[in-house]
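[1] have a look at this fold, sequence not included:
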């Protein structure tokens, strides 16, 4: 299992990794239709912004949006790690500049949503972010993961009443 964790330098925000299970591969690309779903749930009373993107080949650059609607572009970023931690820490959402599927959900207390993406090539990367635009810093969690050659990638993210982000990833195959 590959894990990525973002911990803000201030220590004020809570971050939880978005994990991915990677099946062994022989290094060859298999086009395959990988089904990707992401479910977000807000069990607290704060206003949150959930963002998910699925990229097959990397970000192709990324644009971060901040609480004041200002943006910052990182045209050479291909992964979460290619963007400085301080930039993520102050962001509320992100948009890959390359070929990607992206969804964003503004959440109020007790709300939830499920997102299903169009089938993607096996090994695509799922990037998720949870932010509280009224907090300083706003980013609660940013992470990425992959389910390798698995037929389905299902991510569940929830934020409890205390503002702690909980995440789980299930990588499954439907064939026997």
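    Arrived safely. Every value quoted in this text rests on a predicted model; they were computed, and no experiment measured them. Numbers count the residues shown, from 1 in each chain.

[2] residue contacts, the most centrally placed residue in the chain?
    Centroid-nearest residue in the chain: residue 128, 1.0 Å away (criterion: CA atoms, centre = their mean). Neighbouring residues of residue 128 by CB atoms under 8 Å, 6 or more residues apart in numbering: 18, 38, 50, 51, 52, 141, 142, 143, 144, 155, 157, 167. Any C-beta I mention is one placed from the backbone N, CA and C, and that applies to glycine too.

[3] one more time with 7 Å
    By CB atoms under 7 Å, 6 or more residues apart in numbering, residue 128 lies in contact with 18, 38, 51, 52, 143, 155, 157.

[4] how many residues are close by residue 100?
    As a burial measure, residue 100 scores 21 neighbours (other CB atoms under 10 Å).

[5] that one contacts residue 53, doesn't it?
    Yes. The criterion here is CB atoms under 7 Å, and residue 100 meets it with residue 53 at 4.9 Å.

[6] so what does residue 137 have for phi and psi?
    Main-chain torsions, residue 137, degrees, to the nearest 10: phi -80, psi 160.

[7] pretty sure it is touching residue 89, no?
    Yes. In this structure residue 137 lies within contact range of residue 89 using CB under 7 Å: 4.4 Å.

[8] tell me the phi and psi of residue 88?
    Main-chain dihedrals, residue 88, degrees, to the nearest 10: phi -60, psi -40.
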